[in-house]
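Undergrad: Have a look at this fold, sequence not included:
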């Protein structure tokens, strides 16, 4: 399905500084970048960083003098996300797990899975099918955590959210990841453009490694799972910030949109007892 | 300088399980593995994992039935760690920093640099030379944090240690890393065998990226900086555990040693106002 | 029912110091001190502090020179704890609540009820009878939190325990208190001697204010509720420490016991759906 | 010196509820209430609670139906705060300290002095005069913590602020209290009306027990110390909230003012090396 994605961000630099942006759509077997334009006004030369750890497309540029800059990204993306039945999937033992996914088992800044071990196992340890385990914990988050704009900040972590039970998409994702890792299921943070997200914004959810697939889960249930355009994945929000700003540069405003380019979109959400999962990679 | 390193670890498996060990000496331009033997009794087949994120040498093996196992690693390592003068070094702007080191700028599980930004800049922000900055913050940790066995646990983080001011080598390292990152200096965790460490154990310290080098710092001052054999580096202890154990397998005992194989060792420690730094890679 | 309680504690003073002990049995309408002896060897003059906030019996004494001291407390106590049926009790509105209990509604050092508001209300908010609410949350703690000696320390709080789900009697009590307060039920910490506690030690549990009674609850279920001799109550462990030590004085050993003085004891535990509660004051 | 204090607060009750307000000026030997008017529109009967723990003047009232209410408090207060020289004061040993101040030595919800013990003693332990100790730690807070509206929330504690180094008057006070208690100096939270505070608001600072006086300290340095009208004291903000609201009642707006009623006011601030302290009780 083809989508038009768009973002425009403005910054005021009070002094020289550097910005690393992570807003470009990924190129994956499930996602094709048909066309894209990236533009900074006034013109600044941009370097695309090659990440050694993942395929995220980071753009770095240096603001050499104080002033206002406007960044624009506009792309047409074809999303072929795949839906697969996980009814017969079994948990892969650690001994057989691909080594590239092991780092996603360990605790990270916002996902202190080491502290959630007993809780996760008490709540979900009895479920055998790993897809069912993750969809059940996702439903548990959806039911228990209140989506509340402004209730959390950039330091809020899964350890806070599991008790305070309020947050935004970022907090829902961190809690999902932490619970998965506490259950010895590799999990990672996912950022993207999201069709039908209201108010329009970047979106965050998470991927769990089930069988041999990174499967998408979204405890917020705010958008259809097949209406996302993937930007990045990483251990948590610390790895996948939309923007890392160095120097006295202030973010002032943003527009984000994600619209269908063609008709015939059928929104897809998980519905238990079906164990059909969707993957972006 | 040649060192004999040795470790023997015993585990009791109460059920089948998997262990991933990270005890092999790294092979780097500054460290040569002359000979090594790795052995498990009773025999278990071991897989060396290829890490996508770094060069750490992870060994994975599956314990198929309950019982006691003993792991032995014995190696002769030649360490050519390099000492360099950083008197004239300048801070590298983010805009020019190698992309592979950028992940070491972000907060991680045990190094919440985002929370230490004001403190780090109040204390050390005025120092211009980046080596002097890091050696000064290392001295500050040494002066303010008490080395106290048993005062912390596996969940203790830099955010705790900066106030509670007690800990072990792991906590000293995490605090050093968090302060560096808060000052926009990439920093990572370092584990190794350590000559003259009493009581003998694995050691942890940290590396800061200065100029174009990963330079070693050790706020504990327990061992000479040139008496280390590097095992691994990573964002923090979550990335570089000596052992990750999955299943009901209990660690019961350990012997570690690191002895000189040849004579003529001259212990090297940092001493301000000299700005000479030592690097293992 | 009459009980013999006894404790002997040894301290080594490395310098002069002061100790405030809180080990004397309370005198309440439900508890009579038949006889008691308090002794320090070598002899030190002791001052009984009059608390402005509660009736706890604090003993303060000054150790004027280095050396070893031994404190002994031995008493015969008659406990008339009362059992009452709360089937028809209604929640007392804040507007009618006695002002002396209001301070037990607010968060304290180890009972951060402000952070547990949503969780407590999601789990227990639907239960109408306040006694049933507290007995249900006590059962929930008993079911979800593992009693594990050494798993926590003096800084562990209800906010930790609600997620980490392991602890000792002190942690069970703090979590019970925090959940009650989050549900607008006044709750306080209770310390005492406990019949049949194994291994013998001081015990901690909590009281919730229901109707017009302070009712005892114990999420550990380690001892019969009618086998306690009350020492103190307060907001949490910070208010009711067995000993507060000032100066370089080290606690070295302790013996505690609580034995029946007469026969005919019938252990009493709560058993839902019965709503019979027990009170010590 | 006479002051006119005034506050007007509006609430919207969406359902019945109860409010406990703590906005009345205290009556103390150093503060006389010359006249005061307290009014709720529409009329609601108010009960003045007698606190068992301190003299704070709590007003409780029940809102019986949904609607808007407006609370007004207007008073003329004469403040005779006393200035005393503490140059020759000595630290009072615990063994001689009045028992009513001992509870202010223990950690509380927002003042985790138990975690700041080493830090406080490393920084300030060497200072002998207790007034100088507290004025030095107050200066340290003023120098290191940035006053930044909106940087913290109702859950922020001294343990956060000591590292994050940003906050509002409440956070400055909590940190001062926690540091004092870690140094074995009793300390408590102080709320009041403040002359010259901009923007006008209630103010918070702290009192430390020195010699036999509760002496006022304010690490924000936002107002003259002799321009305060004391409302309440307690262990921390959990004890002395301006308003405790129960039920679905929303605070919508507030006006606060504190003006001189007579001329001749000479603002008083602490200035080292003078050791002159000011007390409100």
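TA: Cool, the structure landed. This structure is a prediction, so every number in the text was calculated from the model and none was measured.
Undergrad: Just list what the helix or strand harbouring residue A:139 packs against, helices and strands only.
TA: Here residue A:139 is covered by helix A:130-144, with elements defined by DSSP states H and E. Counting by 3 or more Cβ pairs under 8 Å, 6 or more residues apart in numbering or on different chains; DSSP states H and E, the packing neighbours recorded for helix A:130-144 are helix A:117-124, helix A:169-182, strand A:202-210, strand A:213-217, helix C:117-124. Bear in mind the C-beta positions are built from the backbone N, C-alpha and C, glycine included.
Undergrad: now the following helix or strand past the fourth one against strand A:202-210, angle please.
TA: The first helix or strand that comes after strand A:213-217 along the chain, using DSSP H and E, is strand A:228-234. Angle, strand A:228-234 to strand A:202-210, by axes from the mean of the first three to the mean of the last three Cα atoms, to 10 degrees: 70 degrees.
Undergrad: so how far is strand A:228-234 off the chain centroid?
TA: Chain-centre distance of strand A:228-234: 5 Å, with Cα atoms, centre = their mean, to the nearest Å.
Undergrad: how about the residue nearest the centre of chain A, what does it touch?
TA: Nearest residue to the geometric centre of chain A (Cα atoms, centre = their mean): residue A:190, 1.8 Å. Under the criterion of Cβ atoms under 8 Å, 6 or more residues apart in numbering or on different chains, the contact partners of residue A:190 comprise A:173, A:204, A:205, A:206, A:207, A:216, A:228, A:230, A:232, A:233, A:280.
Undergrad: With respect to pLDDT, which of those ranks lowest?
TA: Across the contacts of residue A:190, the bottom pLDDT score, 89, is held by residue A:280.
Undergrad: For that one, which non-adjacent residue is closest in space?
TA: Computed as Cβ to Cβ, 6 or more residues apart in numbering or on different chains, the closest residue to residue A:280 that is not its neighbour in sequence is residue A:230, at 4.7 Å.
Undergrad: What of residue A:265?
TA: Ranked by Cβ to Cβ, 6+ apart and with sequence neighbours excluded, the top spatial neighbour of residue A:265 is residue A:1, at 5.8 Å.
Undergrad: got a list of what the one you found touches?
TA: Counting by Cβ under 8 Å, 6+ apart, residue A:1 has contacts A:78, A:79, A:226, A:260, A:262, A:264, A:265.
Undergrad: What strand or helix carries the residue nearest to residue A:201 when sequence neighbours are not counted?
TA: Here the nearest residue to residue A:201 in space, its sequence neighbours aside, is residue A:256; by Cβ to Cβ, 6+ apart that works out to 5.6 Å. Here residue A:256 sits within strand A:243-260, counting by DSSP H and E.
Undergrad: other SSEs contacting the helix or strand following that strand?
TA: Taking DSSP H and E as the definition, the helix or strand that follows strand A:243-260 towards the C-terminus is strand A:276-279. Other helices and strands packing on strand A:276-279, by 3+ Cβ pairs under 8 Å, 6+ apart, are strand A:82-85, strand A:213-217.
Undergrad: low pLDDT regions in the stretch 151-281 of chain A?
TA: When the per-residue scores of the stretch 151-281 of chain A are filtered using pLDDT under 70, no range remains.
Undergrad: what residues does it put near chain B?
TA: Proximity of the stretch 151-281 of chain A to chain B is confined to A:154, A:155, A:184, A:238, A:239, A:241, A:244, A:246 under the rule Cβ under 8 Å from any Cβ of the partner chain.
Undergrad: one more time with 10 Å
TA: Of all the residues in the stretch 151-281 of chain A, those in contact range of chain B (Cβ under 10 Å from any Cβ of the partner chain) are A:154-155, A:157, A:159, A:184, A:234-241, A:244-247.
Undergrad: just those that are near chain D?
TA: Restricting these to those within reach of chain D (Cβ under 10 Å from any Cβ) leaves residue A:155.
Undergrad: Which among the residues of the stretch 151-281 of chain A next to chain B count as buried?
TA: Neighbour-count burial (16 or more other Cβ atoms under 10 Å in any protein chain shown) applied to those gives A:157, A:159, A:184, A:234-241, A:244-247.
Undergrad: And the furthest pair within those residues?
TA: Across those, no pair lies farther apart than A:184 and A:247, at 41.1 Å, counting by Cβ to Cβ.
Undergrad: Any quick ChimeraX command for the buried ones out of the contacts of residue A:1?
TA: The buried subset of the contacts of residue A:1, as determined by 16+ other Cβ under 10 Å, is captured in ChimeraX by this line:
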select /A:78,79,226
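Undergrad: on that earlier part again, pairing partners for the residue nearest to residue A:201 in the sheet, please.
TA: According to DSSP bridges, residue A:7 are recorded as the beta-bridge partners of residue A:256.
Undergrad: Can you tell me how far it is from chain C?
TA: Using Cβ to the nearest Cβ, to the nearest Å, one obtains 29 Å as the distance from residue A:256 to chain C.
Undergrad: and what of residue A:42?
TA: As for residue A:42, its distance to chain C is 47 Å (criterion: Cβ to the nearest Cβ).
Undergrad: Quick check: residue A:4 is in a strand.
TA: Yes. Assigned with DSSP: H, G, I helix; E, B strand; the rest coil, residue A:4 falls within a strand.
Undergrad: How about the residues of the stretch 51-200 of chain A by chain C?
TA: Within the stretch 51-200 of chain A, the positions adjacent to chain C are A:112, A:114-123, A:143-146, A:148, A:151, A:158-160, A:162-166, A:178 by Cβ under 10 Å from any Cβ.
Undergrad: which of these are buried?
TA: With burial judged by 16+ other Cβ under 10 Å, the buried subset of these is A:112, A:114-120, A:123, A:144-145, A:151, A:158-160, A:162-166, A:178.
Undergrad: Can you tell me which residues in chain A are near chain D?
TA: For chain A, the residues found near chain D under the criterion Cβ under 10 Å from any Cβ are A:151, A:152, A:153, A:155, A:160, A:164.
Undergrad: How far off centre is whichever helix or strand the fifth one is part of?
TA: With the criterion set as DSSP H and E, the secondary-structure element containing residue A:160 is helix A:158-164. For helix A:158-164, the gap between its own C-alpha mean and the chain's C-alpha mean amounts to 19 Å (Cα atoms, centre = their mean).
Undergrad: residues in contact with stretch A:263-270?
TA: The list of residues contacting stretch A:263-270 from outside it, by Cβ atoms under 10 Å, 6 or more residues apart in numbering or on different chains, reads A:1-3, A:81, A:83, A:131, A:134-135, A:138-139, A:195-196, A:215-218, A:221, A:223-227, A:276-278.
Undergrad: And it, end to end?
TA: End-to-end distance of stretch A:263-270: 22 Å, with Cα to Cα, to the nearest Å as the criterion.
Undergrad: distance between it and the chain's centre?
TA: Its chain's average C-alpha position is 19 Å from that of stretch A:263-270, according to Cα atoms, centre = their mean.
Undergrad: and it, which residues are buried?
TA: Of the residues in stretch A:263-270, those buried under the neighbour-count criterion (16+ other Cβ under 10 Å) are residue A:270.
Undergrad: quick one: contacts for the closest residue to residue A:2 other than its chain neighbours?
TA: Closest residue to residue A:2 in three dimensions, ignoring its sequence neighbours and counting by Cβ to Cβ, 6+ apart: residue A:261, at 3.7 Å. When contacts are counted by Cβ under 10 Å, 6+ apart, residue A:261 touches A:1, A:2, A:3, A:4, A:5, A:34, A:76, A:77, A:78.
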